[in-house]
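> Structure for the following, please:
(chains A and B)
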2 protein chains.
Amino acid sequence: MNPDEVSRAFVEHYYSTFDSNRAALANLYQEGSMLTFEGQKIQGSQNIVAKLTSLPFQQCKHAITTVDCQPSGPAGGMLVFVSGNLQLAGEQHALKFSQMFHLIPSPQGSFYVLNDIFRLNYA
Amino acid sequence: MNPDEVSRAFVEHYYSTFDSNRAALANLYQEGSMLTFEGQKIQGSQNIVAKLTSLPFQQCKHAITTVDCQPSGPAGGMLVFVSGNLQLAGEQHALKFSQMFHLIPSPQGSFYVLNDIFRLNYA
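The predicted model follows:
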């Protein structure tokens, strides 16, 4: 798969997991992983998933608008930049968001998330 | 300076240069630098600045809303994630945008932009 295909497959996997079973996102992070969520800095797979599973909504659906991807350097990492809409259950209007991921190759031949920055764009 | 201060100083420098003298942004990129501008992929300092200086507006003003920063790995790079508003001269409404930069330490003790991804969030 080329980088664009890898990044699109990752994005589809990430948000479908987020929308169906947020706790399973733990597999995508490691101890050194960082999340900045609306300015709040969180580190480590366990803390990141604790944050994501404690967000004040139970059901949501991400709809992806754009996915951009670039190699992050000679070590084989990839930067993935996403924009889209987040629909919360019971809310009339979707929220626009932007998010970036830095994916690092893992010894198993897949990728894990080293960096994750999420922002809502209050439209 | 800590990483948050470095990233904020970079962001202020980048957008003030963009708004006053776009051609001078060439100093912030190198030959291996990548820009993805609204999905269009461009590589190399010269090509990137050719793109930025040929955008179909002469005067603009960026107003920054948020700046988030994370280290990108052991090599000393930094990821900077920006959201803000772009006001074009003569237009009534500002455009929302999101942009990410991957900054790499240069031998001179400063940073250059290896990765740059820009998207408008049509609000």
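> distance between the top helix by length along chain A and the chain's centre?
What stands out as the longest helix in chain A, according to DSSP state H, is helix A:3-20. Relative to its chain's centre, helix A:3-20 lies at 8 Å (C-alpha atoms, centre = their mean, to the nearest Å).
> likewise stretch A:23-34?
10 Å.
> Now the terminal residues of that stretch, how far apart.
Taking C-alpha to C-alpha, to the nearest Å, the first and last residues of stretch A:23-34 lie 16 Å apart.
> same check, this time on stretch A:37-50
12 Å.
> Now do it: everything it contacts.
Stretch A:37-50 is contacted from outside by A:22-23, A:25-26, A:29-36, A:51-52, A:116, A:118-120, B:66, B:68, B:70, using C-beta atoms under 8 Å, 6 or more residues apart in numbering or on different chains. From N, CA and C alone the C-beta is placed, and that goes for glycine too.
> State the mean pLDDT of it.
Mean pLDDT, stretch A:37-50: 97.
> Over to stretch A:9-22?
97.
> returning to what we had before: are the longest helix of chain A and chain B in contact anywhere?
No - Helix A:3-20 stays clear of chain B (C-beta under 8 Å from any C-beta of the partner chain), getting no nearer than 9.8 Å.
> by contact count, what packs against that helix?
strand A:60-71, strand A:78-88, strand A:95-105 (3 or more C-beta pairs under 8 Å, 6 or more residues apart in numbering or on different chains; DSSP states H and E).
> From the chain's centroid, how far away is the last one?
If I follow you right, that is strand A:95-105. That offset, for strand A:95-105, works out to 5 Å (C-alpha atoms, centre = their mean).
> Stretch A:52-65 too?
Centre-to-centre, stretch A:52-65 and its host chain are 11 Å apart (C-alpha atoms, centre = their mean).
> correct me, but residue A:112 touches residue A:28?
Yes - with contact defined as C-beta atoms under 8 Å, residue A:112 counts as touching residue A:28 (6.1 Å).
> Quick check: pLDDT value at the residue located most distally from the centre of chain A.
Using C-alpha atoms, centre = their mean, the residue of chain A lying farthest from its centre is residue A:92. It sits 23.6 Å away. You'll see residue A:92 listed with a pLDDT of 89.
> residues contacting it?
So residue A:92 contacts nothing (C-beta under 8 Å, 6+ apart).
> Wasn't it part of a strand?
No - under DSSP: H, G, I helix; E, B strand; the rest coil, residue A:92 sits outside any strand and is assigned coil.
> What count of nearby residues applies to the nearest residue to residue A:6 once chain neighbours are set aside?
Excluding the flanking residues, the one nearest residue A:6 by C-beta to C-beta, 6 or more residues apart in numbering or on different chains is residue A:78, at 6.7 Å. Using other C-beta atoms under 10 Å in any protein chain shown, residue A:78 has 21 neighbouring residues.
> For residue A:78, list each beta-bridge partner.
residue A:71, residue A:103 (DSSP bridges).
> Alongside chain B, which residues does chain A contribute?
For chain A, the residues in contact with chain B (C-beta under 8 Å from any C-beta) are A:34, A:36, A:39, A:41, A:66, A:68-73, A:75, A:77, A:79, A:81, A:83, A:96, A:98, A:100, A:102, A:104, A:114-115, A:117, A:119, A:121, A:123.
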